[in-house]
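[1] Could you work out the structure for the sequence below:
(one chain, ligands or ions: 1)
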Amino acid sequence: MIIYLGLLFGCLGVYWTYVKLSSYNNKLIPKIPKKFNINNFRVCFKELSKWLIYAGEYSNDVGGVSKFNYGPIVVYVVSNPEDASTVLTRCTSKSFVYDLIKPYVGSQLIASDYPVWKRNRRLLDLAFKQNILNSYVAMFNKRADALGVDMSKEINKEVDFTHLLSRYLLGTACYTTLGVNVNDQNVSIDSYLKSVDKLIKIMLNRFVQPWLLLDFVFKFSELKKEQDVALEIVQNFSEEVIRKKKTQFAQNNDHPGDIDEGNVESLLDILMKNRNEDEISDRNMREIVDNVILAAYDSNVYMMIYILVCIGSYPDVQKKVYDEVISVTGQTDRDITHEDLPKLVYLEAVVKEAIRLYPAGPIVGRVTTFDTQLKDYILPAGCQVIIHLGAINRNKEHWGQDADDFRPERWFDSMPTHPAAYSSFSPGRRSCIGKSYSIMLLKTMTSKIIKKFYISSDDTKLDFEFGLFLKPIAGHHIKLELR
Ligand code: HEM
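    Prediction:
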């Protein structure tokens, strides 16, 4: 009995010391000095992006872990690859902020609980296999050619190509995801784009006005009415396609849709063929495809802009990319093939370097499911953590003193050894499924554009706005001249 009591008290003693030590240890985590003053951020997404950049730099300066207060909640910021890997591998639950996008993205993928995510991700993996991605390249070429025609109407002047790129890249995302040309949908692309934009703004408005986080307050607000209208437009968009496809599948037509750009199998086709209808309803399927469209088009629009800005700001880089594209594909207008893409090694370094400096999704959020031992601290279970992917990508300990410079050559030099040092697509579980898709699309489009145009820009004028993505604003104007 005495031995048992001794053991019990011993265990309690160890546990108490551990809890004490962890909370003491936690207090040592440096607090970001510039206040995250939510009232100042009211609808001010530019300020939010400035604060985020500052928080990442501060966190890197203090060794890769810092913290700040969001109202009464302590939020930890992690910007070193070792700790980011630990959190993203061990903690699979998303932070409370993801609840805000649930009305839009639902609970099947980006904002889902882990078991649902695991089941759906396995299904989704089937649609991102290399042979399927290869079959998309012909369509990427067609879109790039059409984009080039529209771009050539805007030459010899500084232009913001965001809207034009959004139209083309939404079209591309819908084609590979739903298997249809969006032009054929009843809803216009512009009203879809506006509605998505509105939904993201509503989400951020709630984030910066925390009383709107309470559903019973939000329910009576003007924003909720606006959200309902926007949601109807966005959801009808894919719902209609699913309805049509179901009928066509029922008629035993293996390849429905208007396939005029190569015989590609869309994500929706693959989901419909492989899902278990008892587990994944039509609504769930709609949510999954909506998630993929959302993740695919905005990120690529902004990445395309950053790539053009980088190439346009460094004439020597531009010359190397142009020479390589010509040497691989010749002077003619022929399509880029999937066999060409691995040969464009310098272009790949340029694309990866732009994605390193300006990752479209610069942060992800998780909740610690268990007490989590980092290099120097212990985060107790239940902590809100931001993994600052943008800051990890510029961490000087791993990337060197020139980490903030655009230098594609670094991809041929000695690279950081830690696998999470390049974090743009998020390390650990729940990482981006669209990495290869993105790089193939961005390389194809850039090759086509650079063959047609000489690009000028100025990366020192880049300024940002933070929505769901890191969006380039005023100053990123790009000038094209016909070659
Ligand atoms: C360069 C462009 C892109 C970047 C930087 C990027 C980055 C990311 C990041 C950081 C995440 C993790 C989000 C989180 O944990 O909350 C993510 C998730 C995701 N991305 Fe991407 N992405 C890009 C392009 C794409 C494309 C083109 C697609 C689709 C074709 C895509 C599909 C997805 C999906 C479906 C998820 C959710 C994955 C899951 O929860 O299993 N992404 N992306």
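[2] all helices for the stretch 201-350 of the chain, in order.
    Remark: helices assigned in the stretch 201-350 of the chain by DSSP state H, counting those that start in this stretch are 215-218, 222-250, 267-274, 282-313, 315-329, 345-357.
[3] Now render those as JSON lines, adding distance to the ligand and mean pLDDT.
    Any C-beta I mention is one placed from the backbone N, CA and C, and that applies to glycine too. Listed next are the helices of the stretch 201-350 of the chain as JSON lines, based on distance: least, Cβ to the nearest ligand atom, whole Å; pLDDT from 0 to 100:
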{"stretch": "helix 215-218", "distance to the ligand": "22", "mean pLDDT": "92"}
{"stretch": "helix 222-250", "distance to the ligand": "14", "mean pLDDT": "85"}
{"stretch": "helix 267-274", "distance to the ligand": "8", "mean pLDDT": "90"}
{"stretch": "helix 282-313", "distance to the ligand": "3", "mean pLDDT": "94"}
{"stretch": "helix 315-329", "distance to the ligand": "18", "mean pLDDT": "98"}
{"stretch": "helix 345-357", "distance to the ligand": "5", "mean pLDDT": "98"}
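[4] Just name the most buried of these.
    Neighbour counts (mean count of other Cβ atoms under 10 Å) averaged over each of these peak at helix 282-313, with a mean of 23.
[5] returning to what we had before: including distance to residue 196, could the helices of the stretch 201-350 of the chain go into JSON lines?
    Shown next, in JSON lines, are the helices of the stretch 201-350 of the chain (distance: least, Cβ to Cβ, whole Å):
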{"stretch": "helix 215-218", "distance to residue 196": "19"}
{"stretch": "helix 222-250", "distance to residue 196": "6"}
{"stretch": "helix 267-274", "distance to residue 196": "18"}
{"stretch": "helix 282-313", "distance to residue 196": "7"}
{"stretch": "helix 315-329", "distance to residue 196": "31"}
{"stretch": "helix 345-357", "distance to residue 196": "22"}
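[6] For residue 463, find the nearest of those helices.
    Ranking the helices of the stretch 201-350 of the chain by proximity to residue 463 (Cβ to Cβ) places helix 282-313 first, at 11.3 Å.
[7] okay, the angle between the closest one and helix 267-274?
    Angle, helix 282-313 to helix 267-274, by axes from the mean of the first three to the mean of the last three Cα atoms, to 10 degrees: 150 degrees.
[8] Quick one: distance of helix 282-313 to the chain centre.
    7 Å (Cα atoms, centre = their mean, to the nearest Å).
[9] show me where pLDDT drops low in the stretch 101-250 of the chain?
    Within the stretch 101-250 of the chain, the stretches with pLDDT under 70 are 182-187.
[10] Quick check: residues of it near the ligand?
    Proximity of the stretch 101-250 of the chain to the ligand (Cβ under 6 Å from any ligand atom) is limited to residues 109, 110, 117, 121.
[11] For those residues, give me a markdown table that also has neighbour count.
    A markdown table is the format used below for those (neighbours: other Cβ atoms under 10 Å):
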| residue | neighbour count |
| --- | --- |
| 109 | 23 |
| 110 | 23 |
| 117 | 21 |
| 121 | 16 |
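[12] Nearest to residue 194 among these?
    Taking Cβ to Cβ as the measure, residue 194 lies nearest residue 110 of these, at 21.2 Å.
[13] Report the separation between the residue nearest to that closest one when sequence neighbours are not counted and residue 209.
    The spatial neighbour of residue 110 that comes closest, neighbours along the chain excluded (Cβ to Cβ, 6 or more residues apart in numbering), is residue 291 at 5.1 Å. Per Cβ to Cβ, to the nearest Å, residue 291 is found 26 Å from residue 209.
[14] ok, now residue 416?
    As judged by Cβ to Cβ, residue 416 and residue 209 stand 40 Å apart.
[15] quick one: whichever residue of the chain sits closest to the ligand from residue 211, how far?
    For the chain and the ligand, the shortest gap (Cβ to the nearest ligand atom) falls at residue 434, measuring 2.1 Å. Using Cβ to Cβ, one gets 35 Å for the distance from residue 434 to residue 211.
[16] more crowded one of those two?
    Legend: neighbour count by other Cβ atoms under 10 Å for residue 434 and residue 211, higher for residue 434 (19 against 9).
[17] which ones are touching that one?
    Taking Cβ atoms under 8 Å, 6 or more residues apart in numbering as the contact definition, residue 434 lies against 128, 292, 295, 296, 299, 425.
[18] Give me the phi and psi for it.
    Residue 434 adopts backbone torsions of phi -100, psi 20, taken as degrees, to the nearest 10.
[19] What pLDDT is listed against it?
    Residue 434 is assigned 96 on the pLDDT scale.
[20] likewise residue 440?
    Looking at residue 440, its pLDDT is 98.
[21] what's the answer for the one 5 residues further on, then?
    Per-residue confidence at residue 445 stands at 98 (pLDDT).
[22] And it, how close does it get to residue 161?
    From residue 445 to residue 161 the distance is 11 Å (Cβ to Cβ).
[23] Neighbour count for the two, which is higher?
    Neighbours per residue, other Cβ under 10 Å: of residue 445 and residue 161, the larger number sits with residue 445, 26 against 20.
[24] all strands for this structure, in order.
    Assigned by DSSP state E, the chain shows strands spanning 65-70, 73-78, 93-94, 158-159, 363-367, 372-373, 378-379, 384-388, 453-456, 463-466, 470-473, 478-482.
[25] helices or strands up against the last one?
    When you say that, I think you mean strand 478-482. When contacts are defined as 3 or more Cβ pairs under 8 Å, 6 or more residues apart in numbering; DSSP states H and E, strand 478-482 sits against strand 158-159, helix 282-313, strand 453-456.
[26] same check, this time on the second one
    For strand 73-78, the helices and strands in contact under the criterion 3+ Cβ pairs under 8 Å, 6+ apart are helix 45-61, strand 65-70, strand 384-388.
[27] tell me how far it is from the chain's mean position?
    Its chain's average C-alpha position is 21 Å from that of strand 73-78, according to Cα atoms, centre = their mean.
[28] now do stretch 200-218
    Averaging C-alpha positions (Cα atoms, centre = their mean) puts stretch 200-218 22 Å from its chain's average.
[29] for it, which positions count as buried?
    Residues of stretch 200-218 classed as buried: 200, 201, 202, 203, 204, 205, 206, 207, 208, 209, 212, 218 (neighbour count, 16 or more other Cβ atoms under 10 Å).
[30] got it, and stretch 393-410?
    393, 394, 395, 398, 399, 403, 406, 407, 408, 410.
[31] can you redo the residues you listed as a markdown table with distance to the ligand and pLDDT?
    Putting those into a markdown table (distance: Cβ to the nearest ligand atom, whole Å; pLDDT from 0 to 100) gives the following:
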| residue | distance to the ligand | pLDDT |
| --- | --- | --- |
| 393 | 10 | 98 |
| 394 | 15 | 97 |
| 395 | 16 | 97 |
| 398 | 18 | 96 |
| 399 | 17 | 97 |
| 403 | 18 | 97 |
| 406 | 16 | 98 |
| 407 | 19 | 97 |
| 408 | 16 | 98 |
| 410 | 18 | 97 |
